[in-house]
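In: Output the structure for:
(chains A, B, C and D)
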Number of protein chains: 2
Amino acid sequence: MPAISKREQIITEALRLFYQNGFNATGIDRIITEAGVSKKTLYNHFRSKDELVLATLRKRDELFRNNLMRETERLASTPREQLLAVFDVIAAWFQEKGFSGCMFINAAAEFSDTQDPCRIVSAEHKRLVCDYIRGLAEQAGAKDPDNLSKQLNLLIEGAIVCTYVGADSDAAGRAKEMANVFLHSALD
Amino acid sequence: MPAISKREQIITEALRLFYQNGFNATGIDRIITEAGVSKKTLYNHFRSKDELVLATLRKRDELFRNNLMRETERLASTPREQLLAVFDVIAAWFQEKGFSGCMFINAAAEFSDTQDPCRIVSAEHKRLVCDYIRGLAEQAGAKDPDNLSKQLNLLIEGAIVCTYVGADSDAAGRAKEMANVFLHSALD
DNA sequence: TTAAAGGTAAACCGATCGGTTTCTTTTGTC
DNA sequence: GACAAAAGAAACCGATCGGTTTACCTTTAA
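Out: Numbering: from 1, shown residues only, chains lettered A, B, ... in the order given. Sure, this is the predicted structure:
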C-alpha cells in the first residue's frame, strides 16, 4: 500500500479537473493522463464515470466543510462572531486562484435529473452547511436558529452567484453586511 | 418567408433542450431532430454550436426579462410594491414545471473560461436584471438605489440556488421577507 | 519459489460528437 | 414555366466519448 493510494490520486485529480472544467467536458482519458494512472486502474477503483463523479463530490463536501469550520473557528471565537466570520471565509475562497464557483451548484447545472445521485449529494451538501450555521446560531442564542441559518445560507448562495456569474467583486462584503442585520434582529 | 422562420424554430427548440438538459449534454443531432430541421439548415443559420448557444442565451435573456418586467408591473402598481412583487414573480417561476434553475448560472457552470462569450452574456444578463431593479429603486425614492438593487439582486440569486440546488421549497418567500427589511431601511 | 494481485501501456469496441459534402426536392419569385 | 435560393435526407469525416480486453511487468506474501 503506497503512501498515497491510487484511488486518492485519481479522486484528487478528478476533483481538480471536474471543478475547473466541468463534468461533461472532462473526459476519462484526461483524468488518467493527469493522474498518471492507467485506464484499467481507474476502472478497478470505480465502476463508471458516474461513480467517480459521485466520489469526487463527496470528497469535495468533506474538504469544503472541514475548511469552512476550521477557518471560521480560527477567525472568531464566539458563536456570534463566527456567524459573521463565515462571510470572511467565503470572501477568501472567492479570491483563490482557480475559483470556479460552487462545485455543487455546477453539478446541479449539469445533472438535470433531480433524482440523480449527484443532485442528491449536492442537496445534502447544502443542508450540511446550513446545519453547521444553525449550530452556531443555537450556540449564539438566536431566537429562531433554524430561520436565521436559512437566511444566512441564502445570503451565502447569493454571494457565490453574484461573484461567479455576475462578476460582482464585493458580493461577499455586501452579504456580510446584510447578514449583520439579521443577526441583530435574531440576537438582540 | 414562413410565419415562423427556421432560425426561430431552431432557437426555440435549442432553448428548451439546453435549459432542460444542459449545453454539453445536448448534441446537435438531438436539436435538429426535435426542431424538425436538417443539419444543413442549422449550419446555414449558425456557424457553429457555440454560436447557437450564444443565440439561445440572448433569446433567453430577452424572454426572461420581458416576462419579469411584465409580471412585476402586473402584480403591483407602485415602484415600492413592485420591488417586492419581483419575489412573487420568481416564486411563480420556481413553480413552473420544467424549472431547471437559472440558465445563466447553468451556463457559467459549463463554460469555465471567464472570457467565453457565453460567460460575458451571462454576466450581462445579471447586470440587466439588476439595472431593472435599480430603476424601480430610483422611482421608489431609495436613499441608495444602487446599493438596494444589489442587495435585492443578491437575495434573488440566493433564492434561485436554495430552491434549485438546496431543494428549499420556500426560499422565494424567505427572500421576500428579507428584501422587505432592506426596503424599509432604504425607504423610510 | 511461486503465484496471486495490482499495476502499465496500448489496442480495441461501438457510439456519439461537431461539422462537411453531395445530391435531390421543395419553394417562392420574376 | 423558368430559375435560383433554401431546405431536406443521408452519407461521410476525423476526433473523442465511456468502457473493455489483452499482454506484459512488478510487488508482495505464503
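
In: Would you agree A:Leu42 is in contact with A:Ile11?
Out: No. Between A:Leu42 and A:Ile11 there is no contact under CB atoms under 8 Å: 10.4 Å. Where C-beta positions appear, they are placed from N, C-alpha and C, glycine not excepted.

In: any shared contact partners between those two?
Out: A:Leu52 (CB atoms under 8 Å, 6 or more residues apart in numbering or on different chains).

In: Tell me which residues touch the residue most central in space within chain A, please.
Out: Against the mean C-alpha coordinate of chain A, by CA atoms, centre = their mean, the closest residue is A:Phe64 at 5.0 Å. Residues in contact with A:Phe64, defined by CB under 8 Å, 6+ apart, are A:103, A:125, A:129.

In: Report the spatially nearest residue to the second one, omitting neighbours in sequence.
Out: Once flanking residues are discounted, A:His125 sits nearest to A:Asp61: 4.5 Å by CB to CB, 6 or more residues apart in numbering or on different chains.

In: dump the residue contacts of that neighbour.
Out: A:104, A:121, A:124-125, A:128.

In: one step back: any chance of the contacts of A:Phe64 in JSON lines, plus secondary structure, distance to DNA strand C and neighbour count?
Out: Converted to JSON lines, the contacts of A:Phe64 look like this (DSSP: H, G, I helix; E, B strand; the rest coil; distance: CB to the nearest atom of the strand, whole Å; neighbours: other CB atoms under 10 Å in any protein chain shown):
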{"residue": "A:Met103", "secondary structure": "helix", "distance to DNA strand C": "23", "neighbour count": "20"}
{"residue": "A:His125", "secondary structure": "helix", "distance to DNA strand C": "28", "neighbour count": "24"}
{"residue": "A:Val129", "secondary structure": "helix", "distance to DNA strand C": "33", "neighbour count": "24"}
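
In: which one of the residues you listed sits closest to DNA strand D?
Out: A:Met103 (16.9 Å; CB to the nearest atom of the strand).

In: Residue numbers of chain A in contact with DNA strand C?
Out: A:5-6, A:36-41, A:44-45 (CB under 7 Å from any atom of the strand).

In: domain assignment for chain A?
Out: A:1-46, A:56-187 (automatic domain parsing).

In: Mind telling me which of the ones you listed the model trusts least?
Out: Out of those, domain A:1-46 stands lowest, with a mean of 92 (criterion: mean pLDDT).

In: Is that one in proximity to chain B?
Out: Yes. For domain A:1-46, a contact with chain B is found by CB under 8 Å from any CB of the partner chain, at A:20-22, A:24-25.

In: who's in contact with stretch A:34-46?
Out: A:6-7, A:9-10, A:12-14, A:16-17, A:28-29, A:31-32, A:52, A:55.

In: Could you single out the nearest of the residues you listed to A:Asn180?
Out: Minimum distance to A:Asn180 across these is 35.0 Å, recorded for A:Arg16 (CB to CB).

In: ChimeraX command for the buried members of the residues of domain A:1-46 next to chain B?
Out: Applied in ChimeraX, the following selects the buried portion of these according to 16 or more other CB atoms under 10 Å in any protein chain shown:
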select /A:21,22,24,25
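
In: So which of the residues of domain A:1-46 next to chain B belong to helices?
Out: When these are checked against helices (DSSP state H), the matches are A:20-21.

In: and the residues of domain A:1-46 next to chain B as CSV, adding distance to DNA strand D?
Out: Putting the residues of domain A:1-46 next to chain B into CSV (distance: CB to the nearest atom of the strand, whole Å) gives the following:
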residue, distance to DNA strand D
A:Gln20, 14
A:Asn21, 10
A:Gly22, 11
A:Asn24, 7
A:Ala25, 8
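
In: Number of residues surrounding A:Ser169?
Out: Applying other CB atoms under 10 Å in any protein chain shown, we find 11 residues neighbouring A:Ser169.

In: so it touches A:Gln95, yeah?
Out: No. The pair A:Ser169 and A:Gln95 fails to qualify as a contact (CB under 8 Å) at a distance of 9.8 Å.
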